[in-house]
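Undergrad: Build the 3D model from these lines:
(chains A and B)
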Number of protein chains: 2
Amino acid sequence: MFKFKVIGTDGLARAGEFSTPHGVLRTPIFAPVGTQATVKSLTPTHLSELNAQLVLANTYHLFLRPGDEIVAKMGGLHKFMNWPNPILTDSGGFQVFSLAKTRKIDEDGVTFKSHIDGSTKRLTPEISIAIQENLGADIIMAFDECSDPTDYAYSTKALRRTHAWLERSAQAKTRPDQALFGIVQGGVFKDLREESARFVSSLDLPGHAIGGLSVGETKSDMYHTIEVVNTILPENKPRYLMGVGTPEDLIEGVLRGVDIFDCVLPTRLARHNSVMTRHGRLNLLNAAFAQDEKPIDQDCACYTCQNFSRAYLRHLINAREILASTLLSIHNLHTLIALAADLRRAILDGNLNQFTADALTNLKHKKEKP
Amino acid sequence: MFKFKVIGTDGLARAGEFSTPHGVLRTPIFAPVGTQATVKSLTPTHLSELNAQLVLANTYHLFLRPGDEIVAKMGGLHKFMNWPNPILTDSGGFQVFSLAKTRKIDEDGVTFKSHIDGSTKRLTPEISIAIQENLGADIIMAFDECSDPTDYAYSTKALRRTHAWLERSAQAKTRPDQALFGIVQGGVFKDLREESARFVSSLDLPGHAIGGLSVGETKSDMYHTIEVVNTILPENKPRYLMGVGTPEDLIEGVLRGVDIFDCVLPTRLARHNSVMTRHGRLNLLNAAFAQDEKPIDQDCACYTCQNFSRAYLRHLINAREILASTLLSIHNLHTLIALAADLRRAILDGNLNQFTADALTNLKHKKEKP
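TA: A predicted model of the protein is given here:
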């Protein structure tokens, strides 16, 4: 059911096809994040029009609200949120470990307080898998511990737990129509990452993820770690770099063999008036845009750029209109989704080096600084 | 340029076609309100899919932000908000008179403080028309004074001013591609409304409006006033009932010869979790909907009802997701836009009495009370 076919390569980079019960993912791809079973401010129709292939949802949030059992009763996440294409759920681990002050870790799992009502909740590998089986995504993630990536002692201890939890996650899983991905951890430490990549690979899961990056380490540490891990992870399984989503990181990740990306950044930036383009970022609240008839990016094919001026978008932001979030989210997601599609084409056309060199140059040399 | 053709009647009710520079309005219609050059939480594509024919925008708001001159420089309101179909702007009068504490009326106009920055601003008939000419809507409104509808002395005084201001509005107007509508005022007083309807009719404007209703008077006063006015207003001009927008009021208004309605109610209710249906209203935050797989209304053809359960909508509301506003706004606007279209069909098919009797019965006898 979960087959990954590499149909083109260029160095470590690959173009692939990953079959899931709800459709084939043509990688590399960027996946929008729908934390609470909605990509913030967008309808599923918007996502289809953006050619989004995969949407994420967060186990932590849906466990607390509306509750995974309600989602299951309503027919599962695909039906609940009206997204008939592939969905991925994370394990809840990352969110729980972010609750630094209110969570308590033991070897069996994590006890924490709900951010909604303060009630005490617990997640273990088994509970996380049970929740994810109720939610019903195509791709589900093992419950892992994300350490401070620059703390060797903590990263070593967390890694041991992550590996034990991965085995328990795989044991707990019952649904054959869901692919469990194991997560490579180990901070920025080469030996830990190598150990983790080897361990995770050994379980013969249908896909692998790289976790614990883009959380404060340097860019060069991040890129180096991706390379270390991806030279070990088997080539015949998809690789998912978790929580990474700038245009630069997509390019650098694809060059190092990443197939799947996700990040809240494009929609979060949109709600803070900021747009990503292939020529850098702009803050549209800047007064310089008040009478600017141009679209965000004249070369962009998204609905927002095809139909609205910077002056109008700035007005919507200024007037605190919801439509600003929608239109900026459409643009930012388009930037990453289309970039991933272009990277795929470049791999298949055999001109990835030229394409990525040009793209990185454009990102560094902004066309205009308002 | 502005021709109104009545193509079917049933009693006072009519089905018509009103030609404007940006298209033909097939009346009766309900027009969504886009106060700040956006119908809150919806894209123009949503409005097209809803078969919205006419969109309103508010002169008061756009005068203050972004400023009518900026809108003019950006190519006018149609281009600015990307709505290629007909637009109507009000005069700003209603909003200014709502600023009870900070406005000062004289015979020439009104001085008031901006709700945005507290600066002193002024509107007169001439200024209102100049702003509306900058905005560039197809239908523009005369600057009028909306009195307390149950205060005879004030209504009389306000009416004199409204009539003088209507003559000045008509004098000030220069653009041939905009239709100026005169507004009938006079509170709930038959003699004042008759006087006003006769005066407004005498100016031979391309359309007429009924103002100052749905502002606190009883329903029977409102319906009676509409009837009084519409038996005087000429049949060969469209009639616009300002700020009225419940299903009941649409039906009662059409039965009394109204062609155009607008109201913020459907989008405002949506942002407060409330949905309008042909069987009454529901508040979707009600816990009874937490596991309700049904759409808002099983007979409704809107995008929201075709694709989402009450349980999902309640979850979005509960989780404070923007998408809740969008999906509820789509449903509420569909309810009124489709009802107006059905009323038109009933007029043309000669079964208006049966249709409206059934529709009013359905509204009074809710299918289910959660």
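
Undergrad: Show me where the stretch 251-370 of chain A dips below the pLDDT cut-off.
TA: Applying pLDDT under 70 to the stretch 251-370 of chain A flags the ranges A:366-370.

Undergrad: residue ranges of the strands in it, please?
TA: Taking DSSP state E, counting those that start in this stretch as the test, the strands found in the stretch 251-370 of chain A are A:260-262, A:274-277, A:280-283.

Undergrad: and if you look at the stretch 101-250 of chain A?
TA: Under DSSP E, counting those that start in this stretch, the stretch 101-250 of chain A gives strands at A:104-105, A:110-113, A:120-123, A:139-141, A:179-184, A:207-210, A:239-241.

Undergrad: thinking again about what came up before, can you check which of the strands of the stretch 251-370 of chain A gets nearest to residue B:346?
TA: Of all these, the one in closest proximity to residue B:346, counting by Cβ to Cβ, is strand A:274-277 (47.4 Å). All C-beta atoms are positioned from the backbone trio N, CA, C, and that covers glycine.

Undergrad: Wait, residue A:94 touches residue A:146, no?
TA: Yes. Under the contact definition of Cβ atoms under 8 Å, residue A:94 touches residue A:146, with a separation of 5.3 Å.

Undergrad: overlap in contacts of these two?
TA: residue A:211 (Cβ atoms under 8 Å, 6 or more residues apart in numbering or on different chains).

Undergrad: Spit out the contact partners of residue A:99.
TA: A:112-113, A:115.

Undergrad: Not counting its own residues, what contacts stretch A:108-128?
TA: Contacts of stretch A:108-128 (Cβ under 8 Å, 6+ apart): A:59-60, A:63-65, A:91-93, A:96-97, A:99, A:102-104, A:142-143, A:165-166, A:168-169, A:172.

Undergrad: Recalculate using a threshold of 7 Å.
TA: A:59, A:64-65, A:91-92, A:96, A:99, A:102-104, A:142-143, A:165, A:168-169, A:172 (Cβ atoms under 7 Å, 6 or more residues apart in numbering or on different chains).

Undergrad: quick one: contacts for the closest residue to residue A:233 other than its chain neighbours?
TA: Counting by Cβ to Cβ, 6 or more residues apart in numbering or on different chains, residue A:233 lies nearest to residue A:208, which is 5.0 Å off, once chain neighbours are set aside. Residue A:208 is in contact with A:181-182, A:184, A:200-201, A:233, A:237, A:239, counting by Cβ under 7 Å, 6+ apart.

Undergrad: what bridges to residue A:208?
TA: Following DSSP bridges, residue A:208 is listed with bridge partners residue A:182, residue A:239.

Undergrad: Same question for residue A:280.
TA: Going by DSSP bridges, residue A:280 forms beta bridges with residue A:277, residue A:278.

Undergrad: okay, now it: neighbour count?
TA: 17 (other Cβ atoms under 10 Å in any protein chain shown).

Undergrad: Tell me how far the spatially most central residue of chain A lies from residue A:76.
TA: Nearest residue to the geometric centre of chain A (Cα atoms, centre = their mean): residue A:262, 1.5 Å. Distance, residue A:262 to residue A:76, using Cβ to Cβ, to the nearest Å: 20 Å.

Undergrad: Residue A:12 too?
TA: Relative to residue A:76, and taking Cβ to Cβ, residue A:12 is found at 36 Å.

Undergrad: Under a three-state scheme, what state does residue A:56 occupy?
TA: strand (DSSP: H, G, I helix; E, B strand; the rest coil).

Undergrad: pLDDT value on it, please?
TA: On the pLDDT scale, residue A:56 is placed at 98.

Undergrad: do the same with residue A:24
TA: 98.

Undergrad: Residue A:140 now?
TA: 98.

Undergrad: Setting the sequence-adjacent residues aside, check what's closest to it.
TA: residue A:132 (4.1 Å).

Undergrad: Is that neighbour in contact with residue A:59, as I believe?
TA: Yes. Using Cβ atoms under 7 Å, residue A:132 is in contact with residue A:59, at 5.8 Å.

Undergrad: Mind checking which of those two has more residues around it?
TA: Neighbour tally, residue A:132 and residue A:59, criterion other Cβ under 10 Å: the higher count belongs to residue A:132, 32 against 28.

Undergrad: just to revisit the earlier point, tell me how far the residue nearest to the centre of chain A lies from residue B:341.
TA: 42 Å.

Undergrad: Which positions in the stretch 251-370 of chain A make contact with chain B?
TA: Residues of the stretch 251-370 of chain A lying near chain B by Cβ under 7 Å from any Cβ of the partner chain: A:290-291, A:293, A:307-309, A:311-312, A:315-316, A:318-319, A:321-323, A:325-326.
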